[in-house]
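K.L.:
coordinates only, sequence not included:
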């Protein structure tokens, strides 16, 4: 914590120490754009749920699985590699939770396949 604080110097910052409510989702909601590192699938996915521009900063070392994930997010239009500048763009927010819930509901017989009218 001390090293991070020292490295940031006088730059405006808020470093959450674990005390009080976690501000992470508030930060995502208030951001104009989001920068995440390439090693964090969770952070990129959560950021892409906002519909805001998400930049990915590459880190050394890469797995094939994570590379496929980032390629899919770029194809969706949610992310771009960070090249030092911020632009604005829009895309349909990623909501895999709802998509997966629909598949589960369908397989449990609680929801008909897409395009099939529900029998009442």
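P.N.:
Nice, thanks for sending it over. A quick note: this is a predicted structure, and the numbers were derived from the prediction, not measured. Numbering: from 1, shown residues only.
K.L.:
alpha carbons only for contacts and neighbour counts from here, please
P.N.:
OK.
K.L.:
SS state for the nearest residue to residue 41 once chain neighbours are set aside?
P.N.:
Residue nearest to residue 41 in three dimensions, not counting chain neighbours: residue 66, with 7.2 Å by C-alpha to C-alpha, 6 or more residues apart in numbering. Following DSSP: H, G, I helix; E, B strand; the rest coil, the label given to residue 66 is helix.
K.L.:
for residue 35, same thing?
P.N.:
strand.
K.L.:
so for the strand or helix carrying residue 72, what's the average pLDDT?
P.N.:
Using DSSP states H and E, residue 72 sits within helix 64-76. For helix 64-76, the mean pLDDT works out to 94.
K.L.:
contacting residues around it?
P.N.:
For helix 64-76, contacts defined as C-alpha atoms under 8 Å, 6 or more residues apart in numbering pick out 38-39, 41, 79-80, 91.
K.L.:
Between its first and last residues, what's the separation in stretch 50-61?
P.N.:
27 Å (C-alpha to C-alpha, to the nearest Å).
K.L.:
Please name every helix or strand in contact with the helix or strand of the chain with the lowest mean pLDDT.
P.N.:
One helix or strand of the chain scores below all others by mean pLDDT, DSSP states H and E: helix 96-107, with a mean of 84. On a contact count with 3 or more C-alpha pairs under 8 Å, 6 or more residues apart in numbering; DSSP states H and E, helix 96-107 meets no helix or strand.
K.L.:
Buried residues, that helix. List them.
P.N.:
Within helix 96-107, the residues scored as buried using 16 or more other C-alpha atoms under 10 Å are 102-103.
K.L.:
so how far is it off the chain centroid?
P.N.:
19 Å (C-alpha atoms, centre = their mean, to the nearest Å).
K.L.:
What of stretch 22-33?
P.N.:
11 Å.
K.L.:
for it, which positions count as buried?
P.N.:
So, applying 16+ other C-alpha under 10 Å, buried residues of stretch 22-33: 28, 33.
K.L.:
ok, back up a step: which of the contacts of helix 64-76 has the most neighbours?
P.N.:
residue 79 (27 neighbours; other C-alpha atoms under 10 Å).
K.L.:
what residue ranges in the protein score low on pLDDT?
P.N.:
Within the chain, the stretches with pLDDT under 70 are 112-120.
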